[in-house]
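S.K.: Coordinates for the following, if possible.
(2 chains)
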Amino acid sequence: MTRKASPTIALFPEASFGAALNCVGIAQALRARGARPVFICHAGFSGVFADYGFQEYQLPTDDPLTDSERQSYWQAFVRRHLPHFRLSPIDQLETYVAPTWEAIVDTAVNAEAPLRQLMTRLKPDAVVLDNVIMFPALAAAGCPWVRVVSCAETELPDADVPPYLSGLAADDPSRAAFEARYLAAVAPAHDRFNRLRTEAGLAPLPRGLFLEASPDLNLLLTPTIVRRQRAEPLDPARFVYLEGCVRSEGPFDVPVFPRNDGPLVYLSFGSLGAMDVGLIERMLALFDRLPARFIVNVGGLRDSYRAVPDNVYLDAWFPQPSVVAKSDLFIHHGGNNSFCEALRFGVPSLIMPYCWDGHDNAQRAEETGVGRHLSRVGWSDDELENVILGLMADGEMRYRLEENAATMAQAPGTDAAAEAILALVRT
Amino acid sequence: MQAVARRPRTNHLDLAQRILDVARQRGFEAGAHLPEQQIASLCNVSRTPVRAALRLLTEKGVVRWEAESGYRLAVDLTNQASLAADLPSAEEDELAEMILRDRSARRLDQTVTIGALMRRYSAERKTVLKALKKLTDENLLDRAPGQSWLFRRAPDDPEAQGESYEFRLMLEPAAILAPGFRLDGTRAAALRQAMEALLALPDAAFDIKEFQRLDIDFHGLIADGAANRFVTDALSDHLRLRRLPGTYAGVNVFRLKQSLREHLTILDQLESRQYEVAADLLRVHLRLSRSQRPQAASRGAPALFGMISRPD
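M.R.: Numbering: from 1, shown residues only, chains lettered A, B, ... in the order given. Predicted structure coming up:
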């Protein structure tokens, strides 16, 4: 590889806000170092990266959905899965996890040909893949590829790490049962994915795995304070821990509330979780009686809410890192970006997960004393009130989180990622 | 419950702002004499309210009183796009702001009544009525049957925001292209200065509220410059909706700064009377400003744009 003054780094996040905005953070740091970060994106995400000033290359799609079909798809998606989000992680395997893997494999299959063509044209110096599945075209691109593990650390299996998506402790006796059921549930999707790999000239992956470690560089977001001990330690030459990876956002002015007293609590369940209007409504009713101010992300469903309490402010979108930085408590779904942002700014987390690695992060928050885990169902008002007030009153937790935040601030994950990627390109 | 504080009378505040607008339009410089009679006839009012408004401006340091010659302008108006922010707000203005803020946060329903507003804000009936009249005059609210009022739809959800951009794409370039467009040079110069100052701030210190004020001012400058008064009215009405809380969500500083640079380029072309180029650039600016952020996304699912109705 010839050394370039301004290497082109193609970032390819999956079509979710967590990965997309995580990559924005890395791209900002790459740009600050003189590289040329560009984005490969799925059709739905065109414009998201351009708004941060990055060139986008949209993957052509033969997605036949019209706007109204897309609306119907999501109506059906929400109707089908909202009940599933109230199930235990093991009971989500057949209902949510397996169908989602099928859809992810579809994405990989559909992207393969256009991605190969794009790689030929783009000729990047490196590709950064922030996804949960491999795209064989990247392995054939003729440049190093970097894997970003922007989910919980459980995404990389190990005997001492709980199974991915299980929400279990590492030594939980039900571990084997979960693993067996997981492998069975995802087997059809996995078989299909391995066929894609074989046809593309890549070796098949072991059961249950959809993405291998990069031979060049792997970046993990997991901050030290929640990191796990592994039976087989990761090779530090290829695996770099980032201590989170928080993007820069503009300043956030805390709104004036009609009832303007008390600590500030931020609630965001992500774009998918915002659709659980019933849950958020129930929480708002409780917030009304608490001595705090609440900022609530309701996505595009603002009109679903009425008589919002005077100590609550809701909006469709917030510059999340800037809001978290001013908050005393962050209630979220356990998305890894949200979890890392809470840690980066020394804010305790109340995690109410609904799917995927949210369960793993909720479990880890409890184990490491950086927050609490509360199920989305079955809580009583008194229980939620006690958890919220307890977290805000926990001086010892706050002190530990602030110490950790100071350490994380000294070594921003975005900088570490950019340095590691550029070092790889320049070797 | 939030109570409304005692404030100066609205008509004096309005007149104070009008005096400044007249002074700016006529190119009055700092130190210019402001004879009460002349100001009264320029503003079509008697001398008594003019005196009260000038006293208000004196308290704010915008005007100074000299025993021998009377009132004089104390500031350079070209350096300030608007002095409205420096003037105190009237009681009903403050209440109107609170009503809009609470509607945006869905603390108020789409329909409100005088009685409920009096109780909520501990305000007198006449203050509530004035606030409602102000919001009605600004086309933000409609009178409904009985003692109730209905909020008009604000561009604070993805679909309404999309329609708002479509509307502006149709009319704003047309405002420039219709024969007879006139740019207010003094206002444009003040805007340019303010936009350049905002652009010079580091990202972490970027003032989003100031951006919103300048953005509305910039597009208002174009609306006011149109020779077709119906175009001006339609755009001005729409701009008022964009002043509402909750209409600027989801924009990051990089894009806001880029947007300011686009404004400056359009101003360059307007000042050079290159109206067709300015209209084309404005079209591009509006297209780029339209948020493309999906409403929902999930692994393996097509990203969702526009609204999704409340789940069952």
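
S.K.: make it CA atoms for all contacts and neighbour counts henceforth
M.R.: Will do.

S.K.: Provide the backbone phi and psi angles at B:Leu260.
M.R.: Main-chain dihedrals, B:Leu260, degrees, to the nearest 10: phi -60, psi -40.

S.K.: Just confirm it contacts B:Ala197, I think it does.
M.R.: No - when contacts are counted by CA atoms under 8 Å, B:Leu260 is not listed as touching B:Ala197 (10.5 Å).

S.K.: So between these two, which is more surrounded?
M.R.: Each of B:Leu260 and B:Ala197 has its neighbours counted (other CA atoms under 10 Å in any protein chain shown); B:Leu260 has more, 21 against 10.

S.K.: ok, the residue lying closest to A:Lys326 once chain neighbours are set aside - contacts?
M.R.: Nearest in space to A:Lys326, with sequence neighbours left out and distances taken as CA to CA, 6 or more residues apart in numbering or on different chains, is A:Leu264 at 7.4 Å. Listed by CA atoms under 8 Å, 6 or more residues apart in numbering or on different chains, the contact set of A:Leu264 reads A:292-295, A:326-329.

S.K.: from those residues, which two are the most distant?
M.R.: A:Ala292 and A:Lys326 (13.4 Å; CA to CA).

S.K.: which of these two has more neighbours?
M.R.: A:Ala292 (20 against 17).

S.K.: Quick check: the more buried one touching A:Leu284?
M.R.: No - A:Ala292 lies out of contact with A:Leu284 (CA under 8 Å); the separation is 11.9 Å.

S.K.: which residues of chain A score low on pLDDT?
M.R.: For chain A, applying pLDDT under 70 flags the ranges A:1-4, A:62-64.

S.K.: got the buried residues for stretch A:33-44?
M.R.: For stretch A:33-44, the neighbour count (16 or more other CA atoms under 10 Å in any protein chain shown) marks A:35-44 as buried.

S.K.: Quick check: residues of the stretch 101-250 of chain B near chain A?
M.R.: B:105-109, B:157-158, B:203-208, B:246, B:249-250 (CA under 8 Å from any CA of the partner chain).

S.K.: Can I get stretch A:83-99 in PDB? Just the C-alpha atoms.
M.R.: Listed next in PDB are the C-alpha coordinates belonging to stretch A:83-99 (Å, rounded to 0.1, in the frame of the first residue of the first chain):
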ATOM      1  CA  PRO A  83     -45.200  -7.500  22.300                       C
ATOM      2  CA  HIS A  84     -42.000  -9.400  21.600                       C
ATOM      3  CA  PHE A  85     -40.000  -6.600  23.200                       C
ATOM      4  CA  ARG A  86     -41.700  -7.400  26.500                       C
ATOM      5  CA  LEU A  87     -40.400 -11.000  26.400                       C
ATOM      6  CA  SER A  88     -37.300 -12.300  28.100                       C
ATOM      7  CA  PRO A  89     -34.100 -12.500  26.000                       C
ATOM      8  CA  ILE A  90     -34.400 -16.200  25.500                       C
ATOM      9  CA  ASP A  91     -38.100 -16.000  24.400                       C
ATOM     10  CA  GLN A  92     -37.100 -13.300  21.900                       C
ATOM     11  CA  LEU A  93     -34.800 -15.800  20.100                       C
ATOM     12  CA  GLU A  94     -37.500 -17.200  17.800                       C
ATOM     13  CA  THR A  95     -39.800 -14.200  17.800                       C
ATOM     14  CA  TYR A  96     -37.400 -11.300  17.200                       C
ATOM     15  CA  VAL A  97     -33.700 -12.400  16.900                       C
ATOM     16  CA  ALA A  98     -34.100 -15.100  14.200                       C
ATOM     17  CA  PRO A  99     -36.300 -13.000  11.900                       C
END
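
S.K.: Contacts for that stretch, please.
M.R.: Under CA under 8 Å, 6+ apart, the answer for stretch A:83-99 is A:81, A:165-167, A:178, A:181-182, A:185-186, A:189, A:354-356, A:359, A:376-377.

S.K.: Pretty sure A:Asp158 sits against A:Arg230.
M.R.: Yes - under the criterion of CA under 8 Å, A:Asp158 makes contact with A:Arg230 at 6.3 Å.

S.K.: ok, the two, which is more surrounded?
M.R.: Taking neighbours as other CA under 10 Å, A:Asp158 and A:Arg230 compare with A:Asp158 leading, 18 against 12.

S.K.: Confirm that the more buried one sits in a strand.
M.R.: No - counting by DSSP: H, G, I helix; E, B strand; the rest coil, one finds A:Asp158 to be coil, located in no strand.

S.K.: List the residues that contact it.
M.R.: A:230-232.

S.K.: Now render these as JSON lines, adding distance to A:Val277 and secondary structure.
M.R.: JSON lines is the format used below for these (distance: CA to CA, whole Å; DSSP: H, G, I helix; E, B strand; the rest coil):
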{"residue": "A:Arg230", "distance to A:Val277": "39", "secondary structure": "coil"}
{"residue": "A:Ala231", "distance to A:Val277": "42", "secondary structure": "coil"}
{"residue": "A:Glu232", "distance to A:Val277": "43", "secondary structure": "coil"}
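
S.K.: Just give me the closest of those residues to B:Leu132.
M.R.: Comparing the contacts of A:Asp158 against B:Leu132 with CA to CA places A:Arg230 closest, at 64.9 Å.

S.K.: For the closest one, give me its contacts.
M.R.: A:158-161.

S.K.: out of these, which are buried?
M.R.: Buried among these (16+ other CA under 10 Å): A:158, A:161.

S.K.: returning to that earlier point: from the residues of the stretch 101-250 of chain B next to chain A, which would you call buried?
M.R.: For those, a burial check counting by 16+ other CA under 10 Å picks out B:105-109, B:157-158, B:203, B:206-208, B:246.

S.K.: Which pair of those spans the longest distance?
M.R.: B:Asp109 and B:Asp203 (36.1 Å).

S.K.: tell me which of the buried ones among the residues of the stretch 101-250 of chain B next to chain A is nearest to B:Gly180?
M.R.: B:Ile208 (33.5 Å).

S.K.: list the contacts for the closest one?
M.R.: A:Pro251.

S.K.: For it, give me the backbone phi and psi.
M.R.: Torsion angles, degrees, to the nearest 10, at B:Ile208: phi -70, psi -30.

S.K.: Whatever residue of the stretch 1-150 of chain B ends up closest to chain A: what's it in contact with?
M.R.: In the stretch 1-150 of chain B, the residue that lies nearest chain A is B:Arg107 (4.4 Å; CA to the nearest CA). By CA under 8 Å, 6+ apart, B:Arg107 lies in contact with A:306-310.

S.K.: Just the residues you listed: which are in strands?
M.R.: Nothing among the contacts of B:Arg107 maps onto strands, per DSSP state E.

S.K.: and the residue of the stretch 1-150 of chain B closest to chain A, that's in a strand?
M.R.: No - assigned with three-state DSSP, B:Arg107 falls outside any strand and is coil.

S.K.: where along the chain do the helices fall?
M.R.: You didn't say which chain, so I picked chain A. A:17-32, A:67-81, A:92, A:98-122, A:136-139, A:175-199, A:270-273, A:277-287, A:320-325, A:336-344, A:358-368, A:381-393, A:395-410, A:413-426 (DSSP state H).

S.K.: nope, chain B please
M.R.: B:10-25, B:36-42, B:47-59, B:91-104, B:114-121, B:125-137, B:158-177, B:185-199, B:208-225, B:229-242, B:253-271, B:275-289.

S.K.: Check the ones you listed for me and report the most buried one.
M.R.: helix B:91-104 (a mean of 21; mean count of other CA atoms under 10 Å in any protein chain shown).

S.K.: and the angle for it with helix B:114-121?
M.R.: Taking axes from the mean of the first three to the mean of the last three CA atoms, to 10 degrees, one finds helix B:91-104 and helix B:114-121 inclined to each other by 90 degrees.
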